[in-house]
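Chemist: here is my input; please provide its structure:
(chains A and B)
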Amino acid sequence: MKLRELAHSRTGDKGNISNISVIAHDPAQYPILEKYVTAEIVKEFFAEIVKGDVIRYTLPSIGALNFVLYSALGGGVTRTLSLDAHGKGLSSALMNLEIPLEE
Amino acid sequence: MRTIRIGSGAGYSGDRIEPAVELVEKGDIQYLIFECLAERTIAIAQQAKMKDPNAGYDGLLTQRMEAVLLRCKEKGIKIITNMGAANPIAGAQKIKEIAQQLGISGLKIAAVTGDDVVDVVRDGDYTILETGEKLSTIKDNIVSANAYLGTRPIVEALRGGADVIITGRVADPALFMAPLLYEFNWSEENWDIMGQGTVIGHLLECAGQITGGYFADPGYKDVQGLARLGFPIAQVQEDGTFVITKVPGSGGKVTLATCKEQLLYEIHNPAAYITPDVVADFTGVHFTEVGENEIKVTGGKGQPKTEFLKASIGYVDSYMGEGQISYAGPGAVNRGKLALEIVEERLKLIGVQYQELKLDLIGIDSLHGSNLSKSEHEPYEVRARVTGRTQNMKEAIRIGNEVETLYTNGPAGGGGATKSAKQVVAMVSALVPRSLINYKLHYEVI
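Modeler: Numbers count the residues shown, from 1 in each chain, chains lettered A, B, ... in the order given. Next comes the predicted model:
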């Protein structure tokens, strides 16, 4: 199952750091996100893009995870050569993450 | 129970103007806030001010004020904005001029200055937070340095009777919190209420991003009426509890999901969101749907503010040249690839001096690299994009030129070539002791 079926997401940027929220459509499914969408998995998923650490923060009260991705924006929003300087589309990319659950 | 209604009239400098007018006419608000200052905007504005001492405020200031000032005055709605950018005093004078043209009298405009810390930053060799290097490494290229001020100067201006307050760099949430401190007499050392106030400001500061903007994903997250998106209103009680809503009948929607996405937007550690006023804790925030397009928000908390203020420093980093050209039909991808190879070879052949070069095929791999973009289907069209970083404008221009010459020298059927070159003003940040930063208020009255 794709993460998109379980969660929605928004990307924010600060300097060369991106943050990606992963929010359960149904808060009852939050434990699935907490179990399968780990910092390691996200780091591996973005291996080609994210050069630094990935840190995960949990917000069970709203059924959400927040990932902070270091050295993720090609040197920073204000100097990167990337077409999407802010990395706005990274949240959409992550929705493609495969979650090992039956549909 | 007394409540204060605050409207968010802009989420960035180029934002739509009619939603702010709608808030003034139908929002039943007491305060209208325009947050218009992205990280780099102030550095660009500073460059404009160096050329013309009367410039350096937001380019849409005139248009926005012409759209709302008269009705705000008539309705007693106070306006708070960071559209002063690098020159709040010139911005205040411009607002006065507009007010006079509109026949307004009895208006007090406050300009907040003191965020400009170029001298402080030049004197003290602070550490660049992003790189760990010293600021002396970019000293000669610095064009601006602005500390993020907090609520205090705005609260003082409100106590001084200001109807319009225009600032330079101020922490975005402070623009929204200041009227609450003023109206409810909140103590600025009541850290929990300051934390909850930060939640209000944070949720409102990107305007349409909490009312359904930057959210729609057809089939998964549908949003109606994005072309006439309504901007948000926070209806705040004295204890800080508030409801996020919008003008009935406007486009978009306020739901648990839109609020959650915005709560985490540009947040790192949600338990420690550092602002000039408080270290806010969002981990206990709770959203409850209390009506259609009405979400109640509670649970923001806080810890004491730090001894430092963050300063954002703009410097001339480099130059950037870019060129793009499109290919379509059978073999489009291969012709696009060939185009990129040709340009790369040309740049070497004619000796263009670049420090960094990026070759993209838009439609294939330009956003997320080759792994995440893998697809079995070949697209009908692609757009080749070449971007390079150089040390001067002359070299930057040569990059786009080499893309354009593909018209007659490159693969078959290349069309729609564009080129551009620009100076790159980049931003870094540093922590400056609070004690070195003093704000000032300047009033214009008619």
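
Chemist: now stretch B:335-343 - C-alpha only, CSV.
Modeler: Coordinates of the C-alpha atoms in stretch B:335-343 are reproduced here as CSV (Å, rounded to 0.1, in the frame of the first residue of the first chain):
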residue,chain,number,x,y,z
ARG,B,335,16.7,14.7,-28.2
GLY,B,336,16.4,16.4,-24.8
LYS,B,337,19.4,14.3,-23.5
LEU,B,338,21.4,15.1,-26.6
ALA,B,339,20.6,18.8,-26.1
LEU,B,340,22.0,18.6,-22.5
GLU,B,341,25.2,16.8,-23.7
ILE,B,342,25.7,19.4,-26.4
VAL,B,343,25.4,22.4,-24.1
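
Chemist: what are the ranges of the helices in chain B?
Modeler: Remark: helices assigned in chain B by DSSP state H are B:18-26, B:41-51, B:61-75, B:88-101, B:118-123, B:152-159, B:172-184, B:191-204, B:256-263, B:332-349, B:369-372, B:393-404, B:406-409.

Chemist: which of these sits closest to A:Y57?
Modeler: With respect to A:Y57, and counting by CB to CB, the nearest of these is helix B:256-263 at 12.1 Å. Placement of C-beta: from N, CA and C, glycine included.

Chemist: near chain B, which residues of chain A?
Modeler: A:4, A:8-10, A:12-17, A:19, A:21, A:23, A:25, A:45-49, A:57, A:59, A:61-64, A:66, A:68, A:76-79, A:81-84, A:89-90, A:93, A:96 (CB under 8 Å from any CB of the partner chain).

Chemist: in strands, which of those residues fall?
Modeler: Using DSSP state E, A:8-10, A:12-14, A:17, A:19, A:21, A:23, A:57, A:59, A:64, A:66, A:68 are the members of the residues of chain A next to chain B that sit in strands.

Chemist: can you tell me how far B:L367 is from chain A?
Modeler: 5 Å (CB to the nearest CB, to the nearest Å).

Chemist: what's the answer for B:K49, then?
Modeler: If you measure B:K49 against chain A using CB to the nearest CB, the figure is 19 Å.

Chemist: and the pLDDT at B:T131?
Modeler: Predicted confidence (pLDDT) at B:T131: the value is 89.

Chemist: against A:F46, how distant is the residue nearest to the spatial centre of chain A?
Modeler: Taking CA atoms, centre = their mean, the centroid of chain A lies closest to A:I20, which sits 4.0 Å from it. Counting by CB to CB, to the nearest Å, the separation of A:I20 from A:F46 is 9 Å.

Chemist: what do the two both touch?
Modeler: Taking CB atoms under 8 Å, 6 or more residues apart in numbering or on different chains as the contact definition, A:I20 and A:F46 share the neighbouring residues A:L69, A:L90, A:L94.

Chemist: closest one to chain B out of those, please.
Modeler: Comparing those against chain B with CB to the nearest CB places A:L90 closest, at 7.4 Å.

Chemist: how many neighbouring residues does the closest residue to the closest one other than its chain neighbours have?
Modeler: If you skip the residues right next to it in sequence, A:L90 has A:T11 as its closest partner in space, 4.8 Å away by CB to CB, 6 or more residues apart in numbering or on different chains. A:T11 sits with 26 neighbouring residues when counted by other CB atoms under 10 Å in any protein chain shown.

Chemist: what's the pLDDT at A:T11?
Modeler: The predicted structure lists A:T11 with a pLDDT of 97.

Chemist: what is the neighbour count of the residue of chain A found nearest chain B?
Modeler: In chain A, no residue comes nearer to chain B than A:G12, which is 3.3 Å away by CB to the nearest CB. Residues contacting A:G12 under the criterion other CB under 10 Å number 25.

Chemist: would you map the helices across chain A?
Modeler: When assigned using DSSP H, the helices of chain A occupy the ranges A:30-36, A:39-45, A:90-94.

Chemist: I'd like the ones you listed as a markdown table, with distance to B:C72, mean neighbour count and mean pLDDT appended.
Modeler: Rendered in a markdown table, the data for these read as follows (distance: least, CB to CB, whole Å; neighbours: other CB atoms under 10 Å in any protein chain shown; pLDDT from 0 to 100):
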| stretch | distance to B:C72 | mean neighbour count | mean pLDDT |
| --- | --- | --- | --- |
| helix A:30-36 | 43 | 16 | 98 |
| helix A:39-45 | 45 | 16 | 98 |
| helix A:90-94 | 36 | 22 | 97 |
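
Chemist: verify the contact between B:F308 and B:A430 for me.
Modeler: No. Counting by CB atoms under 8 Å, B:A430 is not a contact partner of B:F308; they are 9.2 Å apart.

Chemist: so between the two, which is more surrounded?
Modeler: B:A430 (24 against 18).

Chemist: ok, now which ones touch the more buried one?
Modeler: Taking CB under 8 Å, 6+ apart, we find B:A430 in contact with B:V121, B:Y126, B:T127, B:I128, B:L129, B:L135, B:K310, B:A311, B:I313.

Chemist: what's the closest of the residues you listed to B:R2?
Modeler: When the contacts of B:A430 are compared for distance to B:R2, the smallest value, 34.1 Å, is given by B:K310; criterion: CB to CB.

Chemist: low-confidence ranges, the chain, go.
Modeler: You didn't pick a chain, so chain A it is. Counting by pLDDT under 70, chain A shows low-confidence ranges at A:103.

Chemist: oops, chain B please
Modeler: Within chain B, not a single segment meets pLDDT under 70.

Chemist: how about the residue of it found nearest chain A, nearest residue that isn't a chain neighbour?
Modeler: Scanning chain B for the residue nearest chain A gives B:E266, at 3.3 Å (criterion: CB to the nearest CB). In this structure, B:E266 finds its nearest non-sequential neighbour in A:G12, 3.3 Å apart by CB to CB, 6+ apart.

Chemist: so how far is B:T167 from B:A234?
Modeler: Distance from B:A234 to B:T167, counting by CB to CB: 20 Å.

Chemist: check contacts around A:Y57.
Modeler: A:L65, A:N66, A:F67, A:V68, B:H268, B:N269, B:P270, B:A271.

Chemist: the second one and A:V42 touch, don't they?
Modeler: No. At 10.9 Å, A:N66 and A:V42 do not qualify as touching, with contact defined as CB under 8 Å.

Chemist: give me the common contacts of those two.
Modeler: Overlap of the contact sets of A:N66 and A:V42 (by CB under 8 Å, 6+ apart) consists of A:I20, A:R56.
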